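Visitor: Sharing a sequence plus its predicted fold:
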Amino acid sequence: MSKYDLSSIRLQVVEVGQDKVFMVTGGDAHIGAVATYYVDHDRLSGATFHVPGHKEQELCERLARKAAHQLKVTVTVIMGIHFDAITRMQIDEIVQTAERLLDEHLLIKGQLNE
């Protein structure tokens, strides 16, 4: 059982050469969805997979697409966040937190590359 704790949401980054792997976890961490995106001739391409019964797919894809578009490298996002019996408002907070963590990382990377 995993009680709702927004502060447990984490973003870990692994650099694979120029490419990036982002792991977004929280609560009872697991692998619920994986998305890989890359820029190919100014077009964003990729794929998303999810484990049946898990609901991270949409957010996972959105984060991977955003990071690949901004960084112009291949990006894989692995996501698994689980809290028992959460509300719609808590889900929205989780989404906002995951997006904020990615945005903070991308902002730092953007400043370092200038």
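Guide: On my side now, so go ahead. Numbering: from 1, shown residues only.
Visitor: drop to CA atoms for contacts and neighbour counts, all remaining ones
Guide: Will do.
Visitor: Okay, now the unreliable bits of this structure?
Guide: For the chain, applying pLDDT under 70 flags the ranges 111-114.
Visitor: where exactly do the helices run in it?
Guide: 57-71, 88-112 (DSSP state H).
Visitor: Summarise which helices and strands the first one is packed against.
Guide: Read it as helix 57-71. With contacts taken as 3 or more Cα pairs under 8 Å, 6 or more residues apart in numbering; DSSP states H and E, helix 57-71 sits against strand 33-40, strand 43-50, strand 75-82, helix 88-112.
Visitor: at 7 Å what do you get?
Guide: strand 33-40, strand 43-50, strand 75-82 (3 or more Cα pairs under 7 Å, 6 or more residues apart in numbering; DSSP states H and E).
Visitor: do the longest one as well
Guide: Using 3+ Cα pairs under 7 Å, 6+ apart as the contact test, no helix or strand touches helix 88-112.
Visitor: buried stuff in that helix?
Guide: I94, T97, A98, E99, L101, L102, L106 (16 or more other Cα atoms under 10 Å).
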